[in-house]
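In: all I have is the shape, not the residue letters:
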């Protein structure tokens with residue numbers, strides 16, 4: 001019975017956490033569409049999530065595309081199928097690797113930053129000061145960051161897809177002997193509209209998850225430096241797991257047929 005009780009407590013804990021996150025998400029989206037709107041906070045979040053994430057997203061996509069081309073070429077050589085490198089690099093980057101890697105990089109960089117920032121504000125009682133000044137913390141701190149992430153992460157995913165394909169192109173044409181024009185033609189002819197749409201849609205969902213987890217754990221942080229550290233760690237872990245789970249679900253939705 002003790003084992004069953006432990007399992008029951010774990011299940012109830014997970015369900016309770018999902019309920020709290022769902023309520024938090026609903027409150028966040030309701031604040032997005034109701035005034036007042038804090039455009040300065042929104043603009044700062046756009047810069048933090050989007051512009052300042054470009055270097056890490058670009059480098060990650062570039063090296064991943066190059067490594068993917070090398071792996072596909074080496075694997076295809078076993079079956080005399082080296083010519084499929086452009087097509088597989090394109091579909092692999094656009095459908096899966098581009099959105100997932102960008103999402104995980106945003107979770108590592110942005111989620112941790114948001115969680116640490118909001119948790120520090122809670123520890124230093126800045127959130128209490130906002131309430132004293134009749135400013136809703138959800139509307140001032142959470143809604144602008146989540147909205148900015150939902151809007152800007154698809155752009156980062158699109159840029160990451162392009163850079164990743166470019167990485168594969170540079171490796172394939174520079175070291176593997178592929179013709180430049182033929183490589184580009186094969187890449188463009190193989191990709192379909194659904195591939196690009198699914199990639200951008202995943203970016204919007206992953207961006208929302210990353211920002212929501214940072215805000216949720218930041219707002220629920222414990223007191224002191226230990227609470228800030230625990231909130232930051234938990235936010236990144238939750239964001240990464242939810243991004244991978246959402247990727248599985250969205251892949252089934254878009255490509256189940």
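Out: Sure thing, it's come through. Just so we're clear, the structure is a prediction, and the values are computed from it rather than from any experiment. Numbers count the residues shown, from 1 in each chain.

In: how close does residue 103 get to residue 6?
Out: 33 Å (Cβ to Cβ, to the nearest Å). Yep, even glycine has a C-beta here, placed from its N, CA and C like the rest.

In: output the below-cut-off pLDDT ranges for the stretch 1-150 of the chain.
Out: For the stretch 1-150 of the chain, no stretch is flagged by pLDDT under 70.

In: so where do the helices sit in it?
Out: Under the criterion DSSP state H, counting those that start in this stretch, the stretch 1-150 of the chain contains helices at 2-32, 39-49, 54-77, 85-91, 98-106, 112-123, 126-132, 137, 143-175.

In: nearest to residue 198, of those helices?
Out: Residue 198 lies closest to helix 98-106 among the helices of the stretch 1-150 of the chain, at 8.1 Å (Cβ to Cβ).

In: got any ranges where the stretch 151-257 of the chain has weak pLDDT?
Out: 257.

In: just to revisit the earlier point, any idea which of the helices of the stretch 1-150 of the chain is most buried?
Out: Most buried of the helices of the stretch 1-150 of the chain, by mean neighbour count (mean count of other Cβ atoms under 10 Å): helix 98-106, with a mean of 25.

In: ok, residues contacting that helix?
Out: Here helix 98-106 makes contact (Cβ atoms under 8 Å, 6 or more residues apart in numbering) with 49, 53, 56-57, 60-61, 64, 149, 153, 156-157, 160-161, 164, 199, 202-203, 206-207, 209-210, 240, 243-244, 247.

In: go on, stretch 60-79?
Out: So stretch 60-79 is contacted by 82-85, 88-89, 92-93, 97-98, 101-102, 105, 159-161, 163-172, 176 (Cβ under 8 Å, 6+ apart).

In: so who does the residue nearest to residue 69 when sequence neighbours are not counted touch?
Out: Distance criterion Cβ to Cβ, 6 or more residues apart in numbering; nearest residue to residue 69, sequence neighbours excluded, is residue 168 at 3.9 Å. Taking Cβ under 8 Å, 6+ apart as the contact definition, residue 168 lies against 65, 66, 68, 69, 85, 86, 89, 90, 93.

In: what does stretch 191-210 contact?
Out: Outside stretch 191-210, the residues that touch it by Cβ under 8 Å, 6+ apart are 49, 90-91, 94-95, 98-100, 102-103, 106-107, 110-111, 146, 149-158, 161, 239, 242-243, 246-247, 250-251, 254-255.

In: returning to that earlier point: can you tell which of the helices of the stretch 1-150 of the chain is closest to residue 217?
Out: helix 112-123 (4.9 Å).

In: quick one: list the elements packing against the closest one.
Out: Here helix 112-123 touches helix 193-219, helix 224-255, going by 3 or more Cβ pairs under 8 Å, 6 or more residues apart in numbering; DSSP states H and E.

In: just name the most buried of the ones you listed.
Out: The most buried one of these (mean count of other Cβ under 10 Å) is helix 193-219, showing a mean of 23.

In: now that helix against helix 2-32, angle please.
Out: If you take axes from the mean of the first three to the mean of the last three Cα atoms, to 10 degrees, helix 193-219 sits at 100 degrees to helix 2-32.

In: need the distance between the two termini of stretch 176-184.
Out: 15 Å (Cα to Cα, to the nearest Å).

In: before we move on, back to that, roughly how far apart are the residue nearest to residue 69 and residue 38?
Out: 41 Å.
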